[in-house]
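>>> what shape does this take:
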Amino acid sequence: MRSAIGPAIHAAFTTLLLFSSQSLAIEPGEYKLLESKPRPGDHFTQGLYFDGERWLESSGLYGRSWLAEYTDPGANPVRRKWLAGNRFAEGLAVLGDRLYLLTYRAGEAQVYNRSNFSLENVLSYQGEGWGLTSDGRQLIMSNGSDTLTFRDPDTFEVIRRLPVTGGGERWSHLNELEYVHGLIWANIWKDPRIIAIDPDNGEVKGILNLEKLQQDSLQGRRHVDAVANGIAWDRARNGLWVTGKYWPKLYLIRPDGLGF
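Model (predicted):
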């Protein structure tokens, strides 16, 4: 009996330790504000990307959705592509010479030529599209749930699904995504926090609270949709550009740790 019970107790204790480590709350980490940039305050920002010289952004809402490229986010775009009135632009990702743009409920991933915004392909998926990023090989997509989906960039077929756990919370409404230093950073719909997710096991490794930046950008104005949304990695300066829907500013922040 002793030899039979011992391994069982050890296994149960190990499981308890693993469960406890997953359940421990994570306090929001520190970050340094490096710079802010003004921009128009009428963008319903969905996806954001920065290659070191040019910005790419998608803005949503039916009848008002567009994809745009800027050299200066406070100036007029270099080019802009308006979507059909019945298409609601969502997350945006860059992989090679292609731009991938999700649509909210149309089940379309629109694939554009990065250099001229010509439409090259339309890929299909089931359910809603929210955020999109790439790890350099695959596309990583959110749909407003607690689960991320890794997809083939040529077919958009599902490669694997990744439930997001840990940090002492049950996560949902995962939105805009950005892959940086081996972690997936995610906005949370109507939450000023962004979280860093381990792409191997879905565990939340860190949290940043952008509430002060939101207050600074909105200056007391209230709008139900003026929430934090938009994350773009600045590789040269090793920071994250963050913003929100209807925010008239972009902020460059550098988290303390997590590869920064």
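>>> for residue 80, pull up the helix or strand it's in.
Residue 80 is part of strand 79-82 when elements are defined by DSSP states H and E.
>>> contact partners of that strand?
Contacts with strand 79-82, where a contact means C-beta atoms under 8 Å, 6 or more residues apart in numbering, come from 65, 66, 67, 68, 69, 112, 116, 117. For the C-beta atoms, the positions are set from N, CA and C on the backbone; glycine is no exception.
>>> run a quick neighbour tally on the first one.
A total of 24 residues lie near residue 65 under the criterion other C-beta atoms under 10 Å.
>>> ok, and the closest non-adjacent residue to it?
Beyond its immediate neighbours in the sequence, the residue positioned closest to residue 65 (C-beta to C-beta, 6 or more residues apart in numbering) is residue 89, lying 3.7 Å away.
>>> what of the last one?
The shortest distance from residue 117 to any residue other than its chain neighbours is 4.5 Å, reached at residue 81 (C-beta to C-beta, 6+ apart).
>>> if I look at the one you found, how far off is residue 27?
41 Å (C-beta to C-beta, to the nearest Å).
>>> higher neighbour count, the two?
Comparing residue 81 with residue 27 by neighbour count (other C-beta under 10 Å), the higher total belongs to residue 81, at 20 against 10.
>>> wait, residue 120 sits on residue 109?
No - between residue 120 and residue 109 there is no contact, the gap being 11.4 Å when judged by C-beta atoms under 8 Å.
>>> these two: which has the busier surroundings?
Set side by side, residue 120 and residue 109 show more neighbours around residue 109, with 24 against 12, by other C-beta under 10 Å.
>>> per-residue confidence at that one?
According to the predicted model, the pLDDT of residue 109 comes to 98.
>>> ok, for it, nearest residue in space, not its chain neighbours?
Distances taken as C-beta to C-beta, 6+ apart put residue 123 closest to residue 109, at 4.3 Å, once the chain neighbours are dropped.
>>> so who does the one you found touch?
Listed by C-beta under 8 Å, 6+ apart, the contact set of residue 123 reads 108, 109, 111, 155, 156.
>>> likewise residue 227?
With contacts taken as C-beta under 8 Å, 6+ apart, residue 227 has the following neighbours: 189, 190, 191, 192, 214, 244, 245.
>>> looking at those, state which has the most neighbours.
Greatest neighbour count in these, by other C-beta under 10 Å, goes to residue 244: 27 neighbours.
>>> need the contact list for that one.
45, 210, 214, 217, 226, 227, 228, 229, 230.
>>> for residue 75, see how far away residue 152 is.
36 Å.
>>> which one of the two is surrounded by more residues?
Taking neighbours as other C-beta under 10 Å, residue 152 and residue 75 compare with residue 152 leading, 13 against 10.
>>> from residue 49, how far out is the more buried one?
When distance is defined by C-beta to C-beta, residue 152 is 20 Å away from residue 49.
>>> cool, residue 145 as well?
Looking at residue 145 against residue 49, where the rule is C-beta to C-beta, the gap reads 23 Å.
>>> settle it for me: which of these two has more neighbours?
residue 49 (23 against 17).
>>> quick one: secondary structure of that one?
For residue 49, the assignment made with DSSP: H, G, I helix; E, B strand; the rest coil gives strand.
>>> hang on, it packs against residue 92?
Yes - in this structure residue 49 lies within contact range of residue 92 using C-beta under 8 Å: 6.1 Å.
>>> what is in contact with these two at once?
In terms of C-beta under 8 Å, 6+ apart, residue 49 and residue 92 are both contacted by the residues 56, 57.
>>> low-confidence ranges, the protein, go.
Within the chain, the set of residues satisfying pLDDT under 70 comprises 1-23.
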